[in-house]
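# got a structure for you, letters missing:
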C-alpha cells in the first residue's frame, strides 16, 4: 500500500507474473496505477509504482432506436418515417443500417433504408393492415453488429370529406407597445381533414393583412400597436385542408391598452407676486398623458433643478408657497416636479417660478399675467385685459404670436409649436407691462 496503489485490487501477482482479477474497460478508464514491492532473501525491499495502459478494442453496438414509429395511411412511397440512432461504448463509431433476417422481419420488404433514414416502399392502407414489423441491424466500421425488431404503426385518415365550418383564433387581444413580431394567437379549423394550411387572402376585411404574418398555425403582428391611435385591426385568413377544401374568414384583432408613463407636466401659471403669505397658491399643475382619463399625484422630487424645492409644497394638484418670498432676495425659484399616474408610472421635470415685484415701473399685481403653453394652443389669463396685447417670441427673438386680449381668459391656436422656452409679453398700447418665461414641454 502507498502512493499509486489505487488499482491494486484489480490485479494479482503469481510468482513473477502479473494477472488481471477483473475485466478492464478502456471507455471507463484507459490507464491504471499499481504499487509493487519486491523483497530479496535478506528482507531488503523496493517498491515502485507502475502505470498499466488499457488497450481499446472495438465493441459491438448495444442499442438501436428509431425517432418515429408512426405514419399516416395513403402517404406516397418514399415518405420518411424516422431516423435510426445507435448506442455504442466506442465513441465516434460510424454505422450502416441494414434489414436483418430473424424474429419479426415479416414486413421488411415494405420499407427501405437510406443512410440512417427509414422510408416507405409502399402506400399503406389502414383499413387493410395497421401494424408492420421489421428487423434492422446496425453494423459499425469494424463489422460489430447489433440488431432488433421495430413495430411501425399506420394511422387512420378520415377519407370521407368533411366541410370546413369555421376558423378560430385562440386569442384576439394584443397588448400595445410590444416588440415585434408580437404573438397574437393560434389558428385552428373546425371540420375538414388535417393537416391545414393557413394564409392571408384578398376579400372583405383584408385591410390589415400586411401588418401580420402567419407561421404554420400561429398568427403574429408585424407592427407594435398604439391603443391611443388605433385599437382595432382587420385581417382575412383562409384555411385549406389536406384534400384541398378551404374557407376564409374575417378576423378582428384588438389592441389592448396598457398603462403608459405621463410624458409632460406644466404649471398653468409660473408667476406669483412677492410677499404673499405662506401657503399662497402659485398654480394648478397639469399632466400630459397618452392614457385618457388617467389621474395623477404630484410631488416635489430631488434631481436637476431642485434647488428651491424647500420654498414650496404641493396639495393635490396645486403648487403652494411654503414661506414668504421676496423679489429682492431672489427673483426666480427653481423646482423639480414629478407626476405619477395610478399605475405608478412617473415623469419629472424642472421648472421656474418667477416673482412679481410689487414696487417699481410697470409692476402691478392687477396686471398679473398667467399662461399655459401647449403644442397647438396658448391659454392666457390676464386680470385686467381691456386694450391689452400679448406677444409671444422664442428665445431667438422670432415672433410666434401677436394678438389682442378680449376677455380675462383667452385661447389662441398654434401650429405644432416645438418644445422649449418662450417669452410672453403683455403691452398696454405700446407700453410693456409685464414679461414672463413659459415652457412648452
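Happy to help now that I have it. Just so you know, these numbers come straight off a predicted model, no measurement behind them.
# Tell me how far the residue nearest to the spatial centre of the chain lies from residue 257.
Centroid check for the chain by CA atoms, centre = their mean gives residue 179 as the closest residue, at 5.7 Å. Going from residue 179 to residue 257 by CB to CB, to the nearest Å gives 18 Å. Heads up, the C-betas are built off the backbone N, CA and C, glycines and all.
# same check, this time on residue 322
In this view, residue 322 and residue 257 are 38 Å apart by CB to CB.
# these two touch, right, residue 254 and residue 171?
No. At 9.7 Å, residue 254 does not count as touching residue 171 under the criterion of CB atoms under 8 Å.
# Across the sheet, point out what pairs with residue 167.
residue 189 (DSSP bridges).
# Figure out the length between the terminal residues of stretch 269-276.
15 Å (CA to CA, to the nearest Å).
# Buried residues in stretch 326-346, which are they?
In terms of neighbour count (16 or more other CB atoms under 10 Å), stretch 326-346 has its buried residues at 327, 333-341, 345-346.
# And the furthest pair within those?
The most widely separated members of the buried residues of stretch 326-346 are 327 and 345, with 37.4 Å between them, by CB to CB.
# Domain-wise, how is this protein divided?
With domains defined by automatic domain parsing, the chain comprises 8-53, 63-155, 164-256, 264-440.
# returning to that earlier point: from the buried residues of stretch 326-346, which is closest to residue 353?
Nearest to residue 353 out of the buried residues of stretch 326-346 is residue 333 (CB to CB; 4.5 Å).
# any idea how far that closest one lies from residue 352?
Separation of residue 333 from residue 352 (CB to CB) stands at 7 Å.
# Also residue 371?
Separation of residue 371 from residue 352 (CB to CB) stands at 14 Å.
# If you count surrounding residues, which of these two has more?
Per other CB atoms under 10 Å, whichever of residue 371 and residue 352 has more neighbours is residue 371, with 23 against 18.
# check contacts around that one.
By CB atoms under 8 Å, 6 or more residues apart in numbering, the contact list for residue 371 reads 269, 378-381, 424, 436, 438.
# ok, now with 7 Å
Going by CB atoms under 7 Å, 6 or more residues apart in numbering, residue 371 touches 378-380, 424, 438.
# Likewise for residue 304?
Contact analysis of residue 304 by CB under 7 Å, 6+ apart lists 336, 350.
# I'd assumed it was in a helix, is it?
No. Applying DSSP: H, G, I helix; E, B strand; the rest coil, one finds residue 304 to be coil, outside a helix.
# ok, back up a step: can I get the buried part of the contacts of residue 371 as one ChimeraX selection?
In ChimeraX, this line selects whichever of the contacts of residue 371 come out buried by 16+ other CB under 10 Å:
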select :378,380,424,438
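# List just the nearest of the contacts of residue 371 to residue 56.
Closest approach between these and residue 56, by CB to CB: residue 438, at 86.7 Å.
# Looking at that closest one now. What's its pLDDT?
According to the prediction, residue 438 has pLDDT 84.
# So for residue 305, what's the nearest residue that isn't a sequence neighbour?
residue 350 (2.4 Å; CB to CB, 6 or more residues apart in numbering).
# Residue 141 now?
Excluding the flanking residues, the one nearest residue 141 by CB to CB, 6+ apart is residue 94, at 5.3 Å.
# Let me know how buried that neighbour is, in neighbour terms.
Neighbourhood size, residue 94 [other CB under 10 Å]: 9.
# Span of stretch 183-197 from start to end?
Distance across stretch 183-197, first residue to last, is 18 Å (CA to CA).
# Now it: buried residues?
Those would be 184-185, 187, 189, 192-193, 196, for stretch 183-197 by 16+ other CB under 10 Å.
# Now the two most distant members of those.
Across these, the longest distance by CB to CB is 25.6 Å; it joins 184 and 193.
# now, which of the contacts of residue 371 lie within strands?
Taking DSSP state E, the ones among the contacts of residue 371 that sit in strands are 378-380, 424, 438.
# would you list those residues in JSON lines and tack on distance to residue 413?
Output for the ones in strands among the contacts of residue 371, formatted as JSON lines (distance: CB to CB, whole Å):
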{"residue": "378", "distance to residue 413": "8"}
{"residue": "379", "distance to residue 413": "11"}
{"residue": "380", "distance to residue 413": "12"}
{"residue": "424", "distance to residue 413": "16"}
{"residue": "438", "distance to residue 413": "16"}
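# Tell me the one among these nearest to residue 278.
Of all these, residue 438 has the smallest distance to residue 278: 25.1 Å, by CB to CB.
# nearest residue to the closest one other than its sequence neighbours?
Nearest residue to residue 438, sequence neighbours excluded (CB to CB, 6+ apart): residue 373, at 4.8 Å.
# from memory the one you found sits against residue 437, does it?
No. Counting by CB atoms under 7 Å, residue 373 stays clear of residue 437, with 10.2 Å between them.
# Please say which of these two ends up with more neighbours.
Under the criterion of other CB under 10 Å, the comparison of residue 373 against residue 437 puts residue 373 first, with 23 against 15.
# What is the end-to-end distance of stretch 137-154?
22 Å.
# what separates that stretch from the chain centre, distance-wise?
Offset of stretch 137-154 from its chain centre (CA atoms, centre = their mean, to the nearest Å): 46 Å.
# quick one: buried residues of that stretch?
Quick answer for stretch 137-154 (16+ other CB under 10 Å): 137-140, 144, 146-148, 150, 152, 154.
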